[in-house]
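Engineer: Kindly generate the corresponding structure for this input.
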Amino acid sequence: MADRVRRPIQYEEMLNDLREQGVFKTYKDALVFCACLGKKRDKRVEFSKSSEPVHLSIFSGDFDKMVINSLAVAEDGDAFLLSEEREDEKIKIFEEYACGGLEIIKNEVWDLKYDWVKSLVSMMIHEEDTEKLLTDITMLAN
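Structural biologist: Numbers count the residues shown, from 1 in each chain. Sure, this is the predicted structure:
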């Protein structure tokens, strides 16, 4: 599993809709956002079933890698998680926070059947007002 990130089957339709509606350009962008939201709200969800895997190679940008690495180190406080030998652990942390974020979006937006864009923008504004989500994400890298 060191070379891929999986997404839960129950979120496949939601991820497709997020992309098709233009909320996120790619699945990768949605997963990175969801992982950050999951971390922000301290929601880490394990999963056992997955559909088509998303290859880790798509997380090639510096920002993506920074988010994945920061989540891992912030979770365990162990800088050795950045080593290649522990990549599976790092990816598992990212996956579980992404699932947590997907669950938050599902419960607060998807299940309510409101407009995606308006609902997610509203959620982001609320997060920004309450505790500065973007600042928290940036601080993970420091």
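
Engineer: Next, please give the residue ranges for the helices of the protein.
Structural biologist: For the chain, helices defined by DSSP state H occupy the ranges 12-20, 27-40, 62-76, 87-108, 116-131, 133-141.

Engineer: Report the buried residues of the third one.
Structural biologist: Read that as helix 62-76. 64, 67-75 (16 or more other Cβ atoms under 10 Å). Quick note: C-beta positions are derived from backbone N, CA and C, even for glycine.

Engineer: Next: the first one.
Structural biologist: With burial defined by 16+ other Cβ under 10 Å, the residues of helix 12-20 counted as buried are 14-15, 18.

Engineer: Return the member of those nearest to L102.
Structural biologist: Using Cβ to Cβ, M14 is the member of the buried residues of helix 12-20 that lies nearest L102, at 6.9 Å.

Engineer: And the pLDDT for S50?
Structural biologist: Per-residue confidence (pLDDT) for S50: 54.

Engineer: Check K43 too.
Structural biologist: pLDDT, read off for K43, is 94.

Engineer: Let me know the distance separating it from D62.
Structural biologist: Note on K43: its distance to D62, by Cβ to Cβ, to the nearest Å, is 26 Å.
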